[in-house]
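A.B. asks: Kindly return the folded structure for what I paste below:
(3 chains)
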Amino acid sequence: MPELPEVEVVRAGLEPVVAGARVLGVEVIEPRSLKRHPRGVADFEERLAGRRIRAAVRRGKFLWLPLEDGPDEAVLAHLGMSGQLLLRTEDAGVDRQLRVRLVLESPAFGPITVAFVDQRIFGSLAIDPLVPTLDGAPGGRGDDDALVPAQVAHIARDPLDPAFDEREFVRRLRARRTGIKRALLDQTLISGIGNIYADEALWGARLHFDAPTDRLSRAAVLTLLAELRLVLERALADGGTSFDAQYVNVNGASGYFGQRLSVYGRAGKPCPRCGAPIVREPFMNRSSHRCPVCQRPPRRRAATA
DNA sequence: AGCGAGCCCTGCGCGC
DNA sequence: TGCGCGCAGGGCTCGC
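C.D. replies: Predicted coordinates:
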């Protein structure tokens, strides 16, 4: 479900509450929600109890809470398709799909619970060791330390990260021999982008999802990058995209960017630019949405002789 | 290197 | 009203 803007909304909501908070208790209701923590439920609970949380950090769609009072490690969270992190005061009703609960004592907010709620259980929590970043820059947004969880080390920086290396991105993208949308969804090349924002940015840049990466000009890649940043920033300013109660911020509130989408989920409706009906097409076991006029299919590559 | 398929899951809305 | 089907914001692994 959540892509960069939605995860950032969650990070920003957690930050003031969890920074400096002490973990008083941990309850794992659904062990499958720890699939990123291979050492098991008991290890997760013991490792966390009594620790102090320093910050809330995000890179791409990954979120983590660095821990003090012990080894360099962090609570790692990936929300998958349907995960939520919700702040709950006291036990005001148990959330329906509550999987894991962290009970905290927050310096700013007093006793508070972070509830990991996840319908499909594609998301996961873990305690993961922190390792140095390769470029020496901060691991992600929300912390100055040049550390990332080991499971995030292979994830590229996202386009809103000040340390995102534009030249290197352009070079690596153009060295690929694949379709542009496939490349945008590859979190080891650029992170934070999922099905919604890939479709939106490609529409903004007038590119077809199958446009070959090795035939894009540098200028075209920079235009696409600008569109990506624009759509991610706008969505973030709107509190993210919600189609239903599945994506919400830490207080359970929906975002409003869904009302501003140009192509995603708008099959049959007019392209905001030219009025042609948006089409939905199967793509990688999912769907792609595009304007058939503004985003023409690429010319087929000439057969190599 | 890149790609398709399959896997991990639950629940909603739709058509019959 | 009930049932089956298709669909959903992701990521990882495997075999070709």
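A.B. asks: Now for the closest residue to DNA strand B within the stretch 151-300 of chain A: which residues touch it?
C.D. replies: When distances are taken as Cβ to the nearest atom of the strand, the stretch 151-300 of chain A reaches nearest to DNA strand B at residue A:178, 3.2 Å away. In this view, the C-beta of every residue, glycine as well, is placed from N, C-alpha and C. Going by Cβ atoms under 8 Å, 6 or more residues apart in numbering, residue A:178 touches A:212-213.
A.B. asks: Enumerate the residues of chain A near DNA strand B.
C.D. replies: Residues of chain A found near DNA strand B, taking Cβ under 7 Å from any atom of the strand as the criterion, are A:32, A:96-97, A:119-122, A:175-179, A:182, A:284-285.
A.B. asks: Out of the residues you listed, which two sit at the greatest distance?
C.D. replies: Greatest spatial distance among these (Cβ to Cβ): A:96 and A:175, at 46.2 Å.
A.B. asks: hey, where'd the helices end up in chain A?
C.D. replies: Counting by DSSP state H, one finds helices in chain A at the ranges A:4-18, A:41-48, A:166-175, A:180-184, A:195-204, A:218-237.
A.B. asks: ok, which stretches of the stretch 51-200 of chain A are strands?
C.D. replies: Using DSSP state E, counting those that start in this stretch, the strands of the stretch 51-200 of chain A run over A:52-53, A:57-59, A:62-68, A:73-78, A:83-88, A:98-106, A:110-118, A:124-132, A:147-149.
A.B. asks: now the ones you listed in CSV, with mean neighbour count and mean pLDDT?
C.D. replies: Formatted as CSV, the strands of the stretch 51-200 of chain A follow (neighbours: other Cβ atoms under 10 Å; pLDDT from 0 to 100):
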stretch, mean neighbour count, mean pLDDT
strand A:52-53, 21, 98
strand A:57-59, 27, 98
strand A:62-68, 24, 98
strand A:73-78, 25, 98
strand A:83-88, 23, 95
strand A:98-106, 21, 97
strand A:110-118, 20, 96
strand A:124-132, 20, 97
strand A:147-149, 25, 98
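A.B. asks: would JSON lines of those strands with distance to residue A:234 be doable?
C.D. replies: Formatted as JSON lines, the strands of the stretch 51-200 of chain A follow (distance: least, Cβ to Cβ, whole Å):
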{"stretch": "strand A:52-53", "distance to residue A:234": "30"}
{"stretch": "strand A:57-59", "distance to residue A:234": "18"}
{"stretch": "strand A:62-68", "distance to residue A:234": "21"}
{"stretch": "strand A:73-78", "distance to residue A:234": "24"}
{"stretch": "strand A:83-88", "distance to residue A:234": "22"}
{"stretch": "strand A:98-106", "distance to residue A:234": "31"}
{"stretch": "strand A:110-118", "distance to residue A:234": "27"}
{"stretch": "strand A:124-132", "distance to residue A:234": "29"}
{"stretch": "strand A:147-149", "distance to residue A:234": "27"}
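A.B. asks: Of these, which is nearest residue A:222?
C.D. replies: That would be strand A:57-59 among the strands of the stretch 51-200 of chain A, by Cβ to Cβ, at 22.1 Å.
A.B. asks: and the closest residue to DNA strand C within the stretch 151-300 of chain A, what does it touch?
C.D. replies: Closest to DNA strand C within the stretch 151-300 of chain A is residue A:194: 1.9 Å, counting by Cβ to the nearest atom of the strand. Shown in contact with residue A:194 (Cβ under 8 Å, 6+ apart): A:2-3, A:61, A:185.
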